[in-house]
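Trainee: predicted structure and sequence below. I'll ask about it afterward.
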Amino acid sequence: MKDINEDIKWAQINADVLRSMETPRLGYWIAVATCVAMIACAVVAEIYQYKHGMGYGLLNWPHMWDIYIATFIFWIGMSHSGTLLSAILHIIHADWRKPIYRFAEAMTTFSLMTAGLFPIIHIGRLWNMYWVLPYVTDRGIWPNFRSPLVWDAFAISTYLTSSALFLYIGMIPDLAICRDNARGWRKKLYIALSLGWRGDDRQWRNFRRTYLLMACFLIPLAVSVHSIVSSDFAMSIMPGWHVTTFPPYFVAGALYSGCAAIITLFVLLRYFFRFEEYMTIAILEKTCKLTFAIAMAWTYLNLIEFASTWYGHDVASKEVLLQKFYGPYAPFFWMMMFCGSVVPFTLAIRKFRRHIPTMFVVSLLLNLGMWLERWMIVTPTLANAYHPIAWDTMWPGMVQWAIVFGSFGWFGLLFLVFVKIFPSVSMYEVKEMVYHRRGHAGKDTEEVLHRPVEGVRATTGRPGLEGA
Amino acid sequence: MSLQNILNNWDKYRKGHEAGGHHVYEHMWSMVIDLNKCIGCGACSVACYAENNLAVVGKDRFEKGQAMHWLRIERYWDEPNLKPTASDEFQQHGASFLPMMCQQCNAATCEPVCPVAATYHTPDGLNAQVYNRCIGSRYCSNNCPYRLRYFNFYSFYETSWPEPLNLQLNPDLSVRDKGVMEKCTFCVQRIRTAKDTARREGRKVRDGDVQTACQQSCPTTAIVFGDMLDPESRVTKLWKAHEVELGKTAQHKQHPEKRGYRIFEGLNTDPCVMYLERVREV
Amino acid sequence: MPVNRCTWTSRSLLDAFRGSIVTQIARVGKVLVTGIFVASTVIGANAAVADVPNANPPKGTHKGEDVPQPIEFPHDIHAKINEINCMYCHTYARRSKVAGIPPTSKCMGCHSVIATDRDRIKKLTEYWEKKEPPPWKKVHDMPDYVHFTHEKHLQRFVFNNEGMDVTRVSEVCAFCHGDVKEMTVAKKTKPLNMGFCRRCHEANNGPSDCWHCHK
């Protein structure tokens, strides 16, 4: 089974991808309307919360944090998929990522844009949010650099900037193709965005170098971002949070939920944009295998966390763990274990892996499990920490649910806008992939419209722009 | 001027933290609570409400866990020989009480996690909370093993003191708006006043100059408050008598009558409140 | 010394790493910044602040709004022409947190005989006869979360200040209140924000602990 149809014409690639960006049909507008409605829910809830205080989400003492923070980690986690696919797999030359990395990268940026909202939403006086940044003031006060929340602010803003840049840089050659095929306001937009891309040697050389550099920069950044997010918990002294393995555990969870989200969006894009030629079953299978591997790593880290708590003889941590097992939150905990550790075994079975509706459902279940995982990190600890007088079970109120619900709408809306303005499949990289595969298969390369480039090894190839 | 100050300030900040913060204390305010004397009347809690402009949240919000009691009386039915009967939720007698206010830890867990340094350690050994700096990330409360930090979930001041009750508000203390964390301050406004008075009179603060509201209102004088750096103060003597020391994670006592202990000492938070264990019939 | 010469480069590099990057920037910045400040100080210099000994008055100005008062109290006539000490009327300044608005009786102490034919005094007398205080408006107001005491500042700059004469107290008042002597109705001419306070505290070695001023 080949990853991609190697006989595909390059003009066909351009046509297919550009078709996905054409004037949207009714279904698209319905999706947009749904997302806007979801956002409206959140906005109403947020305005209410802003005016009247945090209490209406039923946050209480001792549950000072709840599903806001859980959802924040969830979205940050989801953002790791794009980096995994585009940066890590780019560096290890796994070229099957090429048809699907673009939307994964967009997902990275948009989920970060969603995640970044949550710390702002969850703080009590959000109009003073900027105080966590070390800005110049004559008052002589600084943020507390020892606080993981300040590290969060730095990490997330850095990650958002660089992943947005990475997404944009990777799109420049494609934007040039769009520019050459567009009319009206789109033409103006693409002229501005493609930065005068002509596809000449110097540009390609610089482009490759920048792209690789950004990829190398992003990998440690992505790992550190989620490690820093995990230190929000690991740096505290609360039982169930003060866990040494949290950084790798969080990173594994992040890659896990990111991959699951990639499968979801893969299925959706493939279906709605008829991208069967590019998002092939073979690529889906590879993504599923990758997800399965990460799922097992996550399960392993989960189990060693339990084991270290169990054998650690810290009474409070053990109590929290036992409360997770059979306390009031136990149904959610077991659902998380089921979704996170049992459901991924469907990914190990070839028959399921190749069945797209199954994969869609499975990917949603995996993400549900991942969301529950974050909730089960935040809440049971607050419910059963050291001081028994503060043991409490709390269920989030409507305000919290509405905002969490709306965040999915916000993400969806950003994504919907993206797929209609930007090519969601990387045209030049797909061509590159086809070229490579074809070259290795020993077929003639006459079809290649681009002259060979001196000084560059033949294997690297220089597929460029159609009709540019 | 300003920018230069900022740079100097940064310089100082950096050096201060290289040196591990300030360890030269002017005072070390601390407390002793004799649980043997505590009758659980709640007068201290009420006094705290009156002194510190604490919002009265009402029954509904109290049940939701959104109350603002800086000093809470915890009840434990832990008498070994008295078990509640099946008909009672709680047994009729045999409760023991634990008044809990901010323990003013010297190695406070809430301080390092605050993103904007709204909570920090003062040279008085107090764990300060600067309300107007707080942005309400609530991390400090999450990281407090005693759960002694309370959050303004609503604009309580709008409903808590209807006219003319607003005239009872203490002007030495701000009235907190929504979105701000707050906690026991050891009545810092009283400490401030006592220090100002002492300074005006050209002397040091004497033991007994500062009385916290809870101490003042305790009918059985279960609460003693004072400066640990003053060797003659009552707290110093009590801490010594019960062989409890600051800066330790466990106290080693030989004699059973030395009843002093600090809560969760093992977590190395180094609290400044010593409790004297209740004497029980064996 | 030869040792020093050969390690010159590495020394300075080491120094560069020893201080953080920020300090390095700070060092360069200080030169630039000082220049700007010299310029801005000259422009923003307030003529009213004469040289109070042992004091670095805070810098900064504020465009004051006119606060309509029930009676347009002429500070200039009292403090400048008649040279009445500020603390004669604002009598609590030296011993409490607030400076205090004088009671009407204090006004009437003089104005039952002096300048009784003026409109403003007639208005004052009306209030006096109605036994009502004039509803003065607060011009210099501090937020609820700020703890400010006049007493401590006056102790520091006037009473415990060597070489300072109590008759010159208005110069100290002018640190924060501007040159009230030149005003009729008092106006807020200093920003009275945290930066303003901090600059003065830095310059005069005032306390920098948050809880000194925030409550």
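Mentor: Cool, the structure landed.
Trainee: is residue B:224 in a helix, a strand, or coil?
Mentor: Secondary structure, DSSP: H, G, I helix; E, B strand; the rest coil: residue B:224 is strand.
Trainee: quick one, what contacts it?
Mentor: Residue B:224 sits next to B:31, B:32, B:33, B:34, B:215, B:234, B:235, B:238 when contact means Cβ atoms under 8 Å, 6 or more residues apart in numbering or on different chains. No exception for glycine: its C-beta is placed from N, CA and C like everyone else's.
Trainee: specify which member of those is nearest to chain A.
Mentor: residue B:33 (15.6 Å; Cβ to the nearest Cβ).
Trainee: report the beta-bridge partner residues of that closest one.
Mentor: Per DSSP bridges, the residues bridged to residue B:33 are residue B:223, residue B:275.
Trainee: that one against residue B:99, yeah?
Mentor: Yes: with contact defined as Cβ atoms under 8 Å, residue B:33 reaches residue B:99; the gap is 5.9 Å.
Trainee: got any residues that touch both of the two?
Mentor: Taking Cβ under 8 Å, 6+ apart as the contact rule, residue B:33 and residue B:99 both touch B:222, B:223.
Trainee: please name the nearest non-neighbouring residue to residue 144.
Mentor: Defaulting to chain A. Excluding the flanking residues, the one nearest residue A:144 by Cβ to Cβ, 6 or more residues apart in numbering or on different chains is residue B:117, at 3.8 Å.
Trainee: wrong chain, I was asking about chain C
Mentor: residue B:174 (4.6 Å).
Trainee: what does residue B:195 give?
Mentor: Take residue B:195 and drop its neighbours on the chain: the residue closest to it by Cβ to Cβ, 6+ apart is residue B:205, 5.8 Å away.
Trainee: residue 94: neighbour count?
Mentor: Let's take chain A. For residue A:94, the count of nearby residues is 13 (other Cβ atoms under 10 Å in any protein chain shown).
Trainee: that's the wrong chain, I meant chain C
Mentor: 17.
Trainee: returning to what we had before: hmm, the residue nearest to residue A:144 is touching residue A:142, no?
Mentor: Yes: counting by Cβ under 8 Å, residue A:142 is a contact partner of residue B:117 at 7.0 Å.
Trainee: distance of the closest residue to chain C within chain A relative to residue B:169?
Mentor: Nearest to chain C, among the residues of chain A, is residue A:138, at 3.5 Å (Cβ to the nearest Cβ). Note on residue A:138: its distance to residue B:169, by Cβ to Cβ, to the nearest Å, is 32 Å.
Trainee: okay, these two: which has more neighbours?
Mentor: residue A:138 (20 against 17).
Trainee: wait, isn't the more buried one in contact with residue C:198?
Mentor: Yes: assessed by Cβ under 8 Å, residue A:138 is found in contact with residue C:198 at 6.7 Å.
Trainee: other SSEs contacting whatever helix or strand residue A:399 lives in?
Mentor: In the assignment (DSSP states H and E), residue A:399 maps to helix A:398-421. The contact analysis (3 or more Cβ pairs under 8 Å, 6 or more residues apart in numbering or on different chains; DSSP states H and E) places helix A:398-421 against helix A:26-52, helix A:67-78, helix A:101-115, helix A:117-122.
Trainee: out of those, which gets nearest to residue B:73?
Mentor: helix A:26-52 (29.8 Å; Cβ to Cβ).
Trainee: residue B:135 - nearest residue in space that isn't next to it in sequence?
Mentor: residue A:128 (4.6 Å).
Trainee: show the pLDDT at residue 100.
Mentor: Going with chain A. Predicted confidence (pLDDT) at residue A:100: the value is 86.
Trainee: right idea, wrong chain: chain C
Mentor: In this model, residue C:100 is scored at 86, pLDDT.
Trainee: got it, and residue A:448?
Mentor: With respect to pLDDT, residue A:448 scores 48.
Trainee: can you map out the helices along chain C?
Mentor: Shown for chain C, the helices assigned by DSSP state H span residues C:2-6, C:8-18, C:21-44, C:75, C:86-89, C:104-111, C:119-130, C:150-154, C:169-177, C:194-203, C:210-213.
Trainee: elements contacting the fifth one?
Mentor: In terms of contacts (3+ Cβ pairs under 8 Å, 6+ apart), helix C:86-89 is packed against helix C:169-177.
Trainee: the helix it packs on to helix C:194-203, inter-axis angle?
Mentor: Interaxial angle, helix C:169-177 versus helix C:194-203 (axes from the mean of the first three to the mean of the last three Cα atoms, to 10 degrees): 130 degrees.
Trainee: which strands or helices does helix C:169-177 pack on?
Mentor: helix C:86-89, helix C:150-154.
Trainee: list the buried residues for the shortest one?
Mentor: Okay, so that is helix C:86-89. For helix C:86-89, a neighbour-count test (16 or more other Cβ atoms under 10 Å in any protein chain shown) marks C:86, C:87, C:89 as buried.
Trainee: thanks a lot, catch you later.
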